[in-house]
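Peer 1: Make a model of this:
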Amino acid sequence: MTEYLTKETFLEKVFNYEKNKTWKFEGEIPCVIDFYADWCGPCKMVAPVLEELSNEYDGKLNIYKVDTEAQQELAGAFGIRSIPSMLFCPKEGEPQMAQGALPKHQLEQIFKDVLKVS
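Peer 2: As a prediction, the model looks like this:
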């Protein structure tokens with residue numbers, strides 16, 4: 001089940017950018033953050049794929065969604081200029097950003113390569 005994040009829950013579950021200047025992942029397991037908007041066609045295409053993946057990878061990674069319209073400060077903090085944009089946050093190491101509606105097989109490859117989850 002994908003979970004919707006506000007700035008407050010993002011600071012607690014992913015990265016507290018107000019407290020830390022350098023990246024420090026706050027989560028227990030790797031995560032993917034989907035920056036989207038309700039009016040975005042490609043975002044609507046990728047939503048069911050992310051929902052399916054969140055069930056398949058349950059307990060291995062978390063999939064979060066951030067509404068860029070409602071959470072403009074959060075989108076701005078990550079320099080989101082086009083949507084969908086996805087932030088892949090491994091347990092260790094730096095996060096990586098990808099843009100566009102990625103197909104399922106490509107997302108699974110990123111899960112394996114970046115998040116070390118299979």
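Peer 1: residues contacting K19?
Peer 2: Applying Cβ atoms under 8 Å, 6 or more residues apart in numbering, we find K19 in contact with L11. (Each C-beta comes from the backbone N, C-alpha and C, glycine too.)
Peer 1: what comes into contact with the top helix by length along the chain?
Peer 2: The residue-count maximum for a helix in the chain (DSSP state H) belongs to helix 41-56. Helix 41-56 has contacts (Cβ under 8 Å, 6+ apart) with 1-2, 32, 34, 36-37, 62-63, 65, 83-84, 100-104, 107-108, 111.
Peer 1: Need the buried ones from those selected in ChimeraX.
Peer 2: Selection of buried members from these for ChimeraX, criterion 16 or more other Cβ atoms under 10 Å:
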select :2,32,34,36,37,62,63,65,83,84,101,102,107,108,111
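Peer 1: What about the contacts of helix 41-56, which are in helices?
Peer 2: Going by DSSP H, the helices hold K104, L107, E108, F111 from those.
Peer 1: Point to the residue nearest the middle of the protein.
Peer 2: A centroid search over the chain (Cα atoms, centre = their mean) returns I33, at 0.9 Å, as the residue closest to the centre.
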